[in-house]
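Chemist: After the sequence you'll find the predicted model.
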Amino acid sequence: MSETHICVGTISGSYGVHGELRIKSFCAVPTDIETYSPLTDESGELEFNIAILRPIKNGFAARMPSVATKEEADAYRGTQLFARREQMPSLPDDEFYHADLIGLEVYDTGGALLGRVKTVQNHGADDLLELQLAGSSTTTFLPFTKAAVPTVDLAARRMVADPPDGILPTPKE
């Protein structure tokens, strides 16, 4: 679905007892999530028209016309919210949507395949690329900085990385 939709947030559950939802936004400007309505679930079958009421810890309290009770709000806990790609703003050359990075092959500066991007994580600082190492079930995290990842070629579905020392496991002798 990432070809046509981008994950812009998630429903974390209910907020209060009157059918309000706890929304976590993944947008650069968190309140922009409301402007992309109607949002859909991952399958594209359910539509969500959300209205942000107020900021709360780790997100927003929001309303949806179809949700009136705490139990109805709790039923949506964990639902990812997707916006249509054409609704999203175009990005500068050095910025990327996480959905576009997942699945890219990662090569070192010498041309050797390191692995494939499994996920993109952000725990408050810079983004981290979780790499599924080539020929292995092992994963490692690579900082998504210009120094560690100097080249991203979305058209070729690849990137070139210069991982800092200690990021990649050393081969066993």
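Modeler: Yep, that arrived. Numbering: from 1, shown residues only.

Chemist: domains of the chain?
Modeler: 5-86, 98-161 (automatic domain parsing).

Chemist: Of these, which is nearest L168?
Modeler: Of all those, domain 98-161 sits nearest to L168, with 6.3 Å by CB to CB. The way it works is simple: take the backbone N, C-alpha and C, and place the C-beta from them, glycine included.

Chemist: Can you report phi and psi for the most centrally placed residue in the chain?
Modeler: With distances taken as CA atoms, centre = their mean, H98 lies nearest the centre of the chain, 4.9 Å away. Phi and psi for H98, reported as degrees, to the nearest 10, are phi -50, psi -40.

Chemist: For it, which non-adjacent residue is closest in space?
Modeler: V120 (4.1 Å; CB to CB, 6 or more residues apart in numbering).

Chemist: For that neighbour, list the residues it contacts.
Modeler: Neighbour list for V120: H98, L101, I102, D127, L128, L129, E130, F144 [criterion: CB atoms under 8 Å, 6 or more residues apart in numbering].

Chemist: Quick check: the fifth one touching P143?
Modeler: Think L128. Yes: look at L128 against P143 with CB atoms under 8 Å: they come within range, at 6.1 Å.

Chemist: re the thing from before, are any of the contacts of V120 buried, and which?
Modeler: H98, L101, D127, L128, L129, E130, F144 (16 or more other CB atoms under 10 Å).

Chemist: so the fifth one touches L101, yeah?
Modeler: Yes: look at L129 against L101 with CB under 8 Å: they come within range, at 6.8 Å.

Chemist: the strands in the protein, which residues?
Modeler: Taking DSSP state E as the criterion, the chain contains strands spanning 5-15, 20-25, 39-40, 47-48, 51-56, 59-63, 80-84, 105-108, 113-121, 128-133, 139-143, 151-153, 158-161.

Chemist: Among those, single out whichever gets nearest to E71.
Modeler: Comparing those by CB to CB, strand 5-15 comes nearest, at 7.9 Å.

Chemist: So which of the domains of the chain is the most surrounded?
Modeler: Mean neighbour count (mean count of other CB atoms under 10 Å) peaks for domain 5-86 among the domains of the chain, with a mean of 17.

Chemist: on that earlier part again, with pLDDT added, can I get the contacts of V120 in a markdown table?
Modeler: Below are the contacts of V120 laid out as a markdown table (pLDDT from 0 to 100):
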| residue | pLDDT |
| --- | --- |
| H98 | 84 |
| L101 | 90 |
| I102 | 89 |
| D127 | 86 |
| L128 | 90 |
| L129 | 93 |
| E130 | 93 |
| F144 | 92 |
